[in-house]
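Everything below, folded, please.
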Amino acid sequence: MTYDRLVCANCAAPVAEGRCPVCRADRDRLPQPTGLTPAMLLTLVIALVATMALLAALRA
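Numbers count the residues shown, from 1 in each chain. Next comes the predicted model:
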């Protein structure tokens, strides 16, 4: 679970905003959301193209 949807029981604000010390402590404790980086996307595209080329070569 990420903190973007959690509401703090101490101040009733979203934990992602970090308004009180409790929010900030919980925000720091929870894992940060990670996204797909451009390098990872490029690697996946290259792997997909290489796999398709290999399959095409095997069928020929």
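
ok, now how distant is the spatially most central residue of the chain from L58?
In the chain, the residue lying closest to the centroid (CA atoms, centre = their mean) is T34, at 2.3 Å. Per CB to CB, to the nearest Å, T34 is found 35 Å from L58. C-betas here are computed from N, CA, C, even on glycine.

if we can go back for a sec, how close does the residue nearest to the centre of the chain get to M40?
As judged by CB to CB, T34 and M40 stand 10 Å apart.

can you check A53 too?
According to CB to CB, A53 and M40 sit 21 Å apart.

what about the longest helix seen in the chain, distance to the chain center?
Longest helix of the chain, by residue count under DSSP state H: helix 38-59. Put simply, helix 38-59 sits 23 Å off its chain's centre (CA atoms, centre = their mean, to the nearest Å).

mind listing what's buried in that helix?
In terms of neighbour count (16 or more other CB atoms under 10 Å), helix 38-59 has no buried residues at all.

For it, give the mean pLDDT please.
Across helix 38-59, pLDDT averages out at 95.

From the contact counts, what lies against that helix?
Packing partners of helix 38-59 (3 or more CB pairs under 8 Å, 6 or more residues apart in numbering; DSSP states H and E): none among the helices and strands.

Take it, keep the C-alpha atoms, and write them as CSV.
These are the backbone C-alpha positions of helix 38-59, laid out as CSV (Å, rounded to 0.1, in the frame of the first residue of the first chain):
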residue,chain,number,x,y,z
PRO,A,38,12.8,5.5,-19.4
ALA,A,39,15.8,3.2,-19.2
MET,A,40,13.6,0.3,-18.0
LEU,A,41,11.1,1.0,-20.8
LEU,A,42,13.9,1.1,-23.4
THR,A,43,15.3,-2.2,-22.1
LEU,A,44,11.8,-3.8,-22.3
VAL,A,45,11.3,-2.6,-25.9
ILE,A,46,14.7,-3.9,-27.0
ALA,A,47,14.1,-7.3,-25.3
LEU,A,48,10.7,-7.5,-27.1
VAL,A,49,12.2,-6.7,-30.5
ALA,A,50,15.0,-9.2,-30.0
THR,A,51,12.5,-11.9,-29.0
MET,A,52,10.3,-11.2,-32.0
ALA,A,53,13.4,-11.3,-34.3
LEU,A,54,14.5,-14.6,-32.8
LEU,A,55,11.1,-16.1,-33.3
ALA,A,56,10.9,-14.9,-36.8
ALA,A,57,14.3,-16.4,-37.6
LEU,A,58,13.3,-19.7,-36.1
ARG,A,59,10.2,-20.0,-38.2
